[in-house]
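Asks: My questions are about this predicted structure, shown below with the sequence.
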Amino acid sequence: MIHSLDISPPPQGEGKVRISYELSEGEKLGTSNRKVQVKKCLDSLGIPYVPNIAILGAGGGLRAMIALHGTLQELQKHGLLDTIMYLCGVSGATWCMSSLYNNGDWAEKLQALEKHMCDALTKSTWNLRKATEMLLEAAKDENYSLTEFWAYTVVYGMLHELDKGHLSEQRGASENGNNPYPIYAAVDEQSFCKVTEYSPGKTKHTNL
């Protein structure tokens, strides 16, 4: 069984979720706009049809983040990035994705974003006081878990950056057609046989 939840920008700090068996309007818009770019690129390669091509980024922490970024750059270098309809990732790959989709036209400036990532990894530092303050704040939430502890200590320690954004803030970069439509995947805590996919327009649960 598959069902999707449409995530809208949170009004006054509260999220709104819509349950549906259909694709969200955001994904329909994003993929429709993206198809124009994909078709143009495929036409230039002599391919007369438009398949839905997806890139799946693996987990693996910092290694996975850097590997996905490098893969996207190579695709761009060879003129293939615009053939991609969906960009999917789990764990470390989503670290790369969340950074990219903060930029509405990231597919056009991967080299500059790579420099920013390298500078953050090599020149920035981990602020223990900041990490502690944010961890204590997160601990006030009733849904606090080891995920928050991991994020504010281990992940922040590796990346030297904290991303406090929301998926709804990536809607523009996801729907404008300039970039592949993103899907963030995670294992559902209620079942090891279920995959949860998050995107700016939906959340989809797939029972395997």
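Replies: Happy to help now that I have it.
Asks: and L80, how many residues sit next to it?
Replies: L80: 15 surrounding residues under other CB atoms under 10 Å. C-beta: built from backbone N, CA, C; applies to glycine.
Asks: how close does it get to N179?
Replies: 14 Å (CB to CB, to the nearest Å).
Asks: With E142 instead?
Replies: The gap separating E142 from N179 is 35 Å, by CB to CB.
Asks: Please apply the same query to M158.
Replies: Relative to N179, M158 is positioned 25 Å away (CB to CB).
Asks: do S44 as well
Replies: With distances defined as CB to CB, the gap from S44 to N179 amounts to 18 Å.
Asks: Quick check: which helices or strands does the longest helix seen in the chain pack against?
Replies: Of all the elements of type helix in the chain, the one with the most residues (DSSP state H) is helix 25-44. Applying 3 or more CB pairs under 8 Å, 6 or more residues apart in numbering; DSSP states H and E, one finds that helix 25-44 contacts helix 171-175, strand 181-187.
Asks: wait, what's in contact with the residue located most distally from the centre of the chain?
Replies: Computed with CA atoms, centre = their mean, the residue of the chain farthest from its C-alpha average is G46, at 30.2 Å. By CB atoms under 8 Å, 6 or more residues apart in numbering, the contact set of G46 is empty.
Asks: Could I get the pLDDT score of it?
Replies: On pLDDT, G46 comes in at 93.
Asks: hang on, it in a helix?
Replies: No. Per DSSP: H, G, I helix; E, B strand; the rest coil, G46 lies outside any helix segment and is coil.
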